[in-house]
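# Pasted the sequence and its predicted model underneath.
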Amino acid sequence: MTYPSGHLVAVGGAEDKGTDLEKGILQRNRLNFIEIGILKNIISLISGKEPCVEVITTASSIPDEVAQNYKEAFEKLGCINVGHLRIRNREDVVRDENIERLNACNCIMFSGGNQLRLSSIFGGTRFLDVLRQRYHDEDFLIAGTSAGAMAMSNTMIYEGNAALANLKGEVKITTGLGLLQNVIIDTHFDKRGRFNRLAQGVAAHPGVIGIGLGEDTGVIVSEGRVLKAIGSGSVVIIDGKNIEYNNIADIDFGKPISVENIIVHLMSHGDNYNLETRKFEGAEIVIGDQEP
């Protein structure tokens, strides 16, 4: 088995109260989508002396403003070669210019917004085939925040009211971009109370591993299997491999689900988790000023 040569960075969203990409609200005078610490991690993984980043804002309802904000954020950290792949529909995806720019860049950055726009516009296209090939075969970076993170997995939540997520049928699942297999990613995890939402996704698909990303928090994925937590918050891992009693297949829609023996891990900055072995590997603990 060959593992991907590239990296993925999935981010749970930003913590600014003035920003909500899903509702098209943007506070213009700050770094909104991603905190500077997370962005530094992304830049550190981009290969090349003068790396080129292409921002894809397909998920957003305010694509031009979002792209400009990313450009300014990257430039503040010294990354000045930042473009905007303004893909709004399936006609845009097949344009030769966009494929050429994908082939020429070192990093793709998916913005937040509506993840169903990403799966429905990119699914089954040559663009997605090239993106997957570059990630698998090259030292190529794909980053995404909020919807851009959720769409990375093969199994993707596209809708689900957190307040009702304990009821069968309230969590809607479809196929994502398939960059990461056998996982479900959920974002804004703590702020929007999405534990039950992700748990229902895992209960319906016990073979996958749920990854809940808090805001200003993310994971770096190496070799398609090793997660490293970054940022200021928590990453929640939900593993359904040992589920015993599970009534989700037998109850009526709208009824509360019952699931026994779900495994949950909490990760903070520097902790590691192996998707292949399903093992929490933690991080070395530094005491006081002692060097690791």
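Yes, it's here.
# can you give me phi and psi for Thr155?
Phi and psi for Thr155, reported as degrees, to the nearest 10, are phi -100, psi 120.
# So it versus Val183, what's the distance?
Distance, Thr155 to Val183, by CB to CB, to the nearest Å: 7 Å. (Each C-beta comes from the backbone N, C-alpha and C, glycine too.)
# same deal with Ser60?
Relative to Val183, Ser60 is positioned 24 Å away (criterion: CB to CB).
# same question, Val11
Following CB to CB, the distance that separates Val11 from Val183 is 15 Å.
# With Gly212 instead?
From Gly212 over to Val183 (counting by CB to CB), the distance is 11 Å.
# Met207 - nearest residue in space that isn't next to it in sequence?
To be clear, residue 207 is Gly; Met isn't right here. Closest residue to Gly207 in three dimensions, ignoring its sequence neighbours and counting by CB to CB, 6 or more residues apart in numbering: Asn182, at 6.3 Å.
# Next one: the one you found, what pLDDT does it get?
What the model reports for Asn182 is a pLDDT of 95.
# Double-check it against Val202; I have them as touching.
No - taking contacts as CB atoms under 8 Å, Asn182 lies outside contact range of Val202: 11.1 Å.
# Who has more neighbours out of the two?
Neighbours per residue (other CB atoms under 10 Å) separate Asn182 from Val202, with Val202 holding more: 23 against 15.
# Give me the next element, helix or strand, following the strand or helix carrying that one.
Val202 is located in helix 195-204, with elements delineated by DSSP states H and E. Where DSSP H and E defines the elements, the next helix or strand beyond helix 195-204 is strand 209-213.
# what's that next one in contact with?
Contact partners of strand 209-213, identified using CB atoms under 8 Å, 6 or more residues apart in numbering, comprise 10-13, 149, 182-189, 194-195, 198-199, 201-202, 219, 227, 235-240, 275, 278.
# again, 6 Å this time
With contact meaning CB atoms under 6 Å, 6 or more residues apart in numbering, strand 209-213 is reached by 12, 183-187, 189, 198, 202, 235-236, 238-239, 275.
# give the contact list for the residue found closest to His188 once you drop the neighbours it is linked to in the chain.
Counting by CB to CB, 6+ apart, His188 lies nearest to Gly13, which is 4.7 Å off, once chain neighbours are set aside. Gly13 sits next to Thr145, Ser146, Thr187, His188, Glu215 when contact means CB under 6 Å, 6+ apart.
# quick one: the strands in the stretch 51-200 of the chain?
With strands called from DSSP state E, counting those that start in this stretch, the stretch 51-200 of the chain shows them at 53-56, 82-85, 107-110, 141-145, 155-160, 171-175, 183-186.
# before we move on, the earlier item: which one of Gly212 and Val183 is surrounded by more residues?
Taking Gly212 and Val183 together and counting by other CB under 10 Å, Gly212 has the greater number of neighbours (26 against 22).
# For that one, give its distance to Val235.
7 Å.
# which residues does Ile142 bridge with?
Legend: beta-bridge partners of Ile142 under DSSP bridges are Leu8, Ile108.
# Tell me if I'm right that it and Leu8 touch.
Yes - with contact taken as CB atoms under 6 Å, Ile142 and Leu8 are classed as touching, separated by 5.3 Å.
# what's stretch 157-164 in contact with?
Residues outside stretch 157-164 that contact it (CB under 6 Å, 6+ apart): 115-116, 170-174, 186, 192-194, 197, 201.
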